[in-house]
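Participant: requesting a structural model of the entry that follows:
(chains A and B)
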Protein chains: 2
Amino acid sequence: MFNRLRNHIEKRVHLTDEEFEIISGFFTLRKLRKKQFLLNEGEVCRHIGFVNSGCLRQYTIDNKAAEHIIQFAIEDWWISDLHSFLSGKPSTENIDALEDSEVLLLEKSARDELLDTCPKLEKFFRILIEANLVATQQRIVDSISTSAEERYLNFIKTYPKIFEQVPQNQIASYLGITPQSLSRIRKELTQK
Amino acid sequence: MFNRLRNHIEKRVHLTDEEFEIISGFFTLRKLRKKQFLLNEGEVCRHIGFVNSGCLRQYTIDNKAAEHIIQFAIEDWWISDLHSFLSGKPSTENIDALEDSEVLLLEKSARDELLDTCPKLEKFFRILIEANLVATQQRIVDSISTSAEERYLNFIKTYPKIFEQVPQNQIASYLGITPQSLSRIRKELTQK
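Facilitator: The predicted model follows:
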């Protein structure tokens, strides 16, 4: 159950068996069926989740009831509303499963204790979050300076596994365009 | 020279005088005159910078020679192209001073050594980067789900000091709208 998590952490910091034994004790397994929620708007996001299998999405719903996808997470990815997790304030986001999924959850108090118990994980989370920040900043650069077609091609290049796993209408929402616009872009690309 | 940096770090982790003495030894001061560059597109971003005074901006230039502002940084903020800094690859971004500024620079190798020497700074950078990630994620949520007027009002509310310090045409670029659109929004807001 914890092999994937151990490999994932050991890509950034080396762990002894004893250390990983302690770390894994802080996580709990949550199984989600397709369309089941990990977080509902209005709840406090009490944990960060490591995706062991499956695929989840994180999204907001605007005043006109339109969904806007913030992030997908497939295996080896983390998912949470970090703002709500860190501040303890109710979330404005939703997280649900796009397919049957397994998520290893780490609660806020457990993470705080884990970071005190195993300082190596400070390094691990610092490296993980830096990489996430780089990707998030790149998405902003893309959103303000590239066309929808370029953003679509960048998405395929950057996240080939997510592209294969996630329905096209969900990808359109992530890119901030309508499914119709995405269909047009795909048609134009095949004609090039 | 280092008072501001010390206060900034001590908001997240407590330091002894000896620890801060070691930390400050890793930083170098760079003074920039208005319009002077800290980073040019095509160079590797070799340092992260803590703004001691003044105001800088980070931006890209697209194929049509239009500038797109990624971030402003006033005193107590950090600025760098994190992707280039971490990967050692040439940057696609520019950083210059909007007014005379003082920046405390921490080179990549110095930061690596500092993190090994003073593990408390792992915690400091983890907390700092988490907060930055939360703000960056919020900007994405805003960019895909709110109107230009809402983004403008959010900007004023979230960054009141930057709003006072930075010219309106620069804020328009940050918001991904034309200066004309921003003028219209400002006019409409005063009429409400």
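Participant: use CA for all of it now, contacts and neighbours both
Facilitator: OK.
Participant: residue contacts, the residue in chain A positioned nearest to chain B?
Facilitator: As assessed by CA to the nearest CA, chain B sits closest to residue A:126 within chain A, at 4.4 Å. Under the criterion of CA atoms under 8 Å, 6 or more residues apart in numbering or on different chains, the contact list for residue A:126 reads B:122, B:123, B:125, B:126, B:129.
Participant: report the contact partners of residue A:23.
Facilitator: Residue A:23 sits next to A:114, A:118 when contact means CA under 8 Å, 6+ apart.
Participant: would you map the helices across chain A?
Facilitator: Along chain A, counting by DSSP state H, helices occupy A:3-10, A:17-24, A:82-87, A:108-117, A:120-145, A:148-158, A:160-165, A:168-175, A:179-191.
Participant: what parts of chain A come near chain B?
Facilitator: A:60, A:62, A:68, A:70, A:82-83, A:122-123, A:125-126, A:129-130, A:132-134, A:136-137, A:139-141, A:143-146, A:176 (CA under 8 Å from any CA of the partner chain).
Participant: could you flag which of those residues are buried?
Facilitator: Among the residues of chain A next to chain B, the ones that count as buried by 16 or more other CA atoms under 10 Å in any protein chain shown are A:60, A:68, A:70, A:82-83, A:122-123, A:125-126, A:129-130, A:132-134, A:136-137, A:139-141, A:143-146, A:176.
Participant: excluding its backbone neighbours, what's nearest residue A:146?
Facilitator: residue B:62 (7.9 Å; CA to CA, 6 or more residues apart in numbering or on different chains).
Participant: for the contacts of residue A:126, which one is nearest residue B:154?
Facilitator: Distance to residue B:154 across the contacts of residue A:126 (CA to CA) is lowest for residue B:129, with 21.1 Å.
Participant: that closest one contacts residue A:130, correct?
Facilitator: Yes: using CA atoms under 8 Å, residue B:129 is in contact with residue A:130, at 6.5 Å.
Participant: in stretch A:168-184, what's buried?
Facilitator: By neighbour count with 16+ other CA under 10 Å, stretch A:168-184 contains the buried residues A:170, A:171, A:172, A:173, A:174, A:175, A:176, A:177, A:179, A:182.
Participant: list the contacts for the first one?
Facilitator: What it means is residue A:170. Contact analysis of residue A:170 by CA under 8 Å, 6+ apart lists residue A:69.
Participant: any idea how far residue A:93 is from it?
Facilitator: Residue A:170 is 16 Å from residue A:93, where distance means CA to CA, to the nearest Å.
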